[in-house]
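Trainee: Mind looking at a prediction? Sequence and model below.
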Amino acid sequence: MKDRIESLALAVILTVVAVAAGWASFTHVHDWTMRHAPAGTPDAFGWVNAVISELVPVAALLTIKRRRTAGASIGYPLFLLIAAGTLSLSAQLAVAQPSPSGWLLSAVPALAFMALVKLVFAGTPTAASTPVVPEAMPEPAPIIEPIPVRPTTRTNGVPIIGQVTR
């Protein structure tokens, strides 16, 4: 029951933060696009650009997860993730007040959105992926001392090798 409540709380938190961060990020990308679009460009173009630049990283992370599971190359989706993330972050910084605090505050939505996407798609470790701590090493077997062998001689003076003496 406790796990279900925690899972529900996490889902609510992730949803609220994702919606808020997504809204802020989409707005920044929209505003940046429209500031630099030719006169007469419909407002919808800014929203389309925002949707593309903000959802490509999500799709790239999903593809990376699938490809890792399949043992395939992740090069291209990783490139898309970095490129789209850079574009989104650039939009956040472009609309910010030109100061370190302005840049930081403006970048928070994009960074939060990317962090949440990674958190959600990373999954939880399974028992198979959890490192196994070995139990205490067993006691080593006792060392058995060899029984000493003393050569003896026959009556003709030839030694007898391997006779066990106690």
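Mentor: Happy to help now that I have it. Numbers count the residues shown, from 1 in each chain.
Trainee: Helix, strand, or coil at the residue nearest to Leu81 when sequence neighbours are not counted?
Mentor: Once its chain neighbours are removed from consideration, Leu81 has its nearest residue in Ala60; the separation is 3.8 Å (CB to CB, 6 or more residues apart in numbering). (Each C-beta comes from the backbone N, C-alpha and C, glycine too.) Following DSSP: H, G, I helix; E, B strand; the rest coil, we place Ala60 in the helix state.
Trainee: Now do the same contact list for Ala60.
Mentor: Ala60 sits next to Pro77, Leu78, Leu80, Leu81, Ala84 when contact means CB atoms under 8 Å, 6 or more residues apart in numbering.
Trainee: out of the residues you listed, which one sits closest to Ile5?
Mentor: Using CB to CB, Leu81 comes nearest to Ile5 of the contacts of Ala60, at 33.0 Å.
Trainee: Let me know the pLDDT of that closest one.
Mentor: Looking at Leu81, its pLDDT stands at 84.
Trainee: before we move on, what about Gly75?
Mentor: Model confidence at Gly75, expressed as pLDDT, equals 92.
Trainee: Gly85 versus that one, what's the distance?
Mentor: 16 Å (CB to CB, to the nearest Å).
Trainee: between those two, which one's more packed in?
Mentor: Set side by side, Gly75 and Gly85 give different neighbour counts by other CB atoms under 10 Å, the larger being at Gly85 (20 against 10).
Trainee: Secondary structure element holding that one?
Mentor: Assigned by DSSP states H and E, Gly85 falls within helix 75-94.
Trainee: Pro109: how many residues sit nearby?
Mentor: Neighbourhood size, Pro109 [other CB under 10 Å]: 23.
Trainee: Please list the outside residues in contact with the helix or strand harbouring it.
Mentor: Using DSSP H and E, the secondary-structure element containing Pro109 is helix 100-122. In this structure, residues lying in contact with helix 100-122 by CB under 8 Å, 6+ apart are 14, 17-18, 20-25, 28, 54, 57-58, 61-62, 65, 85, 88-89, 91-93, 95-97.
Trainee: Averaged pLDDT, the longest helix anywhere in the chain. What do you get?
Mentor: Once the chain is assigned using DSSP state H, the helix that runs over the most residues is helix 2-36. Helix 2-36 carries an average pLDDT of 85.
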